[in-house]
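Peer 1: predicted coordinates and the sequence they were generated for:
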Amino acid sequence: MLKPTFLGYGKYSKEILMLNVKEDCRRRVRLEEQQAMDLKSQKVKLNDGHFIPVLGFGTAAPEEVSKSEALEVTKFAIEVGFRHLDCAHVYRNEEQVGQAIRSKIADGTVKREDIFYTSKLWCTFFRPDLVQPALEKSLKDLQLDYVDLYLIHFPVAMKPGEELLPKDENGKMILDSVDLCRTWEALEKCKDAGLTKSIGVSNFNHKQLEKILNKPGLKYKPVCNQVECHPYLNQSKLLDFCKSHDIVLVAYSALGSQRIKGWVNLNHPVLLEDPVLCAIAKKHKQTPALVALRYQIQRGVVVLAKSYNKKRIKENIQVFDFELSPEDMKAIDGINRNIRYSEMLFGVGHPEYPFSEEY
């Protein structure tokens with residue numbers, strides 16, 4: 001009687017084993033991709049029940065950057081995983097940013113509800129009757145039905161009109177007098193009308209926030225206060241104040257600001273060259289920029305990363321790939337110098353100029 005041979009079966013079992021290993025690897029890669037996506041969509045709950053992604057893409061750019069570039073980099077930012085886009089009427093590129101969002105919806109990369117889009121009310125539209133038309137103009141430029149967040153951009157009212165920075169014959173800014181509480185009431189109406197999901201403020205100090213919070217008949221609290229915030233201006237007192245009122249702090253110029261002449265004090269040191277940041281970056285095999293972004297996320301701050309460089313845009317999304325130790329966090333806390341890059345000097349002299357207060 002012939003004994004059965006198992007040579008073929010042995011070969012077959014090896015093939016099955018290899019297939020199983022390959023499938024297991026594929027499954028693991030899919031799981032890792034899914035986890036990476038979950039990390040990238042990490043969100044913070046706002047006081048009105050909506051959620052804001054903790055990492056955002058800032059779209060402001062110097063005037064020499066072409067509008068078509070805003071379109072390209074915003075599309076690229078969405079492709080690499082950014083879902084929170086921060087823009088404003090005064091950036092003069094909402095048309096292109098809107099186009100980028102719509103093209104990524106059209107090609108199936110995202111749905112509208114995947115994108116968290118922020119716009120801002122500029123200082124020349126603070127009179128209550130001008131607020132809704134200003135938001136409607138942004139929506140028309142964007143060709144979107146609503147924005148996710150609408151902010152009062154800077155608490156200094158300016159003369160209404162087409163000029164974004166209205167000046168008199170001596171080149172001095174023409175300011176206006178508007179009660180910010182009335183402007184806020186107009187924002188509340190925009191929310192009720194469904195033009196924006198959430199409403200907040202930007203560049204407000206704690207006294208200006210208190211003014212809104214203590215307003216008789218307040219319908220909605222600001223969900224956030226977007227301010228300059230980075231290791232040289234860590235805003236710890238303002239952050240504590242905001243946390244105590246369930247207001248999210250959103251950090252702009254988180255990498256120390258683009259050196260835009262006229263908007264930024266160019267005499268200040270370059271944040272990303274700081275030796276403490278560089279040493280921590282080296283330890284984690286990361287860039288100083290990523291360390292500065294990660295610092296904010298770990299202290300409960302929503303952070304905006306602004307870059308028109310594709311390599312750096314892709315790099316910035318890696319902020320979820322590592323963690324800073326409590327010692328790292330303490331060391332970064334220690335380099336605070338209360339250096340403000342964006343002083344917005346055009347508002348000096350106005351009673352609502354926000355940066356005269358300590359926080």
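Peer 2: Cool, the structure landed. Values in this document were obtained by computation on a predicted structure and should not be read as measured data.
Peer 1: the helices in the stretch 101-250 of the chain, which residues?
Peer 2: Applying DSSP state H, counting those that start in this stretch to the stretch 101-250 of the chain gives helices spanning 128-142, 180-192, 206-213, 236-244.
Peer 1: what about dumping the CA coordinates of stretch 317-337 to PDB?
Peer 2: Included here for stretch 317-337 are C-alpha records, laid out as PDB according to Å, rounded to 0.1, in the frame of the first residue of the first chain:
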ATOM      1  CA  ILE A 317       0.100  67.200  10.000                       C
ATOM      2  CA  GLN A 318       2.700  64.900  11.700                       C
ATOM      3  CA  VAL A 319       2.100  66.800  15.000                       C
ATOM      4  CA  PHE A 320       0.100  63.700  16.200                       C
ATOM      5  CA  ASP A 321       3.000  61.300  15.700                       C
ATOM      6  CA  PHE A 322       4.800  62.100  18.900                       C
ATOM      7  CA  GLU A 323       4.300  63.400  22.500                       C
ATOM      8  CA  LEU A 324       6.100  66.000  24.600                       C
ATOM      9  CA  SER A 325       7.100  65.000  28.200                       C
ATOM     10  CA  PRO A 326       6.000  67.000  31.200                       C
ATOM     11  CA  GLU A 327       9.600  68.200  31.400                       C
ATOM     12  CA  ASP A 328       9.500  69.300  27.700                       C
ATOM     13  CA  MET A 329       6.300  71.200  28.400                       C
ATOM     14  CA  LYS A 330       7.800  72.900  31.500                       C
ATOM     15  CA  ALA A 331      11.000  73.900  29.500                       C
ATOM     16  CA  ILE A 332       8.800  75.500  26.700                       C
ATOM     17  CA  ASP A 333       6.700  77.300  29.400                       C
ATOM     18  CA  GLY A 334      10.000  78.700  30.600                       C
ATOM     19  CA  ILE A 335      10.900  80.500  27.300                       C
ATOM     20  CA  ASN A 336       7.800  82.800  27.400                       C
ATOM     21  CA  ARG A 337       9.000  86.400  26.900                       C
END
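Peer 1: in it, what counts as buried?
Peer 2: For stretch 317-337, a neighbour-count test (16 or more other C-beta atoms under 10 Å) marks 317, 318, 319, 320, 324, 328, 329, 331, 332, 335 as buried. The C-beta positions use only the backbone N, C-alpha and C, and glycine is treated the same way.
Peer 1: again with stretch 139-148
Peer 2: Neighbour-count burial for stretch 139-148 [16+ other C-beta under 10 Å]: 139, 141, 142, 144, 146, 147, 148.
Peer 1: identify the residues contacting the third one.
Peer 2: Residue 142 is in contact with 94, 95, 97, 98, 101, 117, 119, counting by C-beta atoms under 8 Å, 6 or more residues apart in numbering.
Peer 1: can I get those in a markdown table with distance to residue 270?
Peer 2: What follows is the contacts of residue 142, written out as a markdown table (distance: C-beta to C-beta, whole Å):
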| residue | distance to residue 270 |
| --- | --- |
| 94 | 30 |
| 95 | 32 |
| 97 | 28 |
| 98 | 33 |
| 101 | 32 |
| 117 | 30 |
| 119 | 30 |
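Peer 1: of the residues you listed, grab the buried ones for ChimeraX.
Peer 2: Applying 16+ other C-beta under 10 Å to those, the buried members can be selected in ChimeraX as follows:
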select :94,97,98,101,117,119
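Peer 1: tell me where the model's unsure across the stretch 151-300 of the chain.
Peer 2: 257-265 (pLDDT under 70).
Peer 1: quick revisit: make CSV from the buried residues of stretch 317-337 and add distance to residue 347 to it.
Peer 2: CSV is the format used below for the buried residues of stretch 317-337 (distance: C-beta to C-beta, whole Å):
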residue, distance to residue 347
317, 34
318, 36
319, 32
320, 36
324, 35
328, 36
329, 33
331, 34
332, 29
335, 28
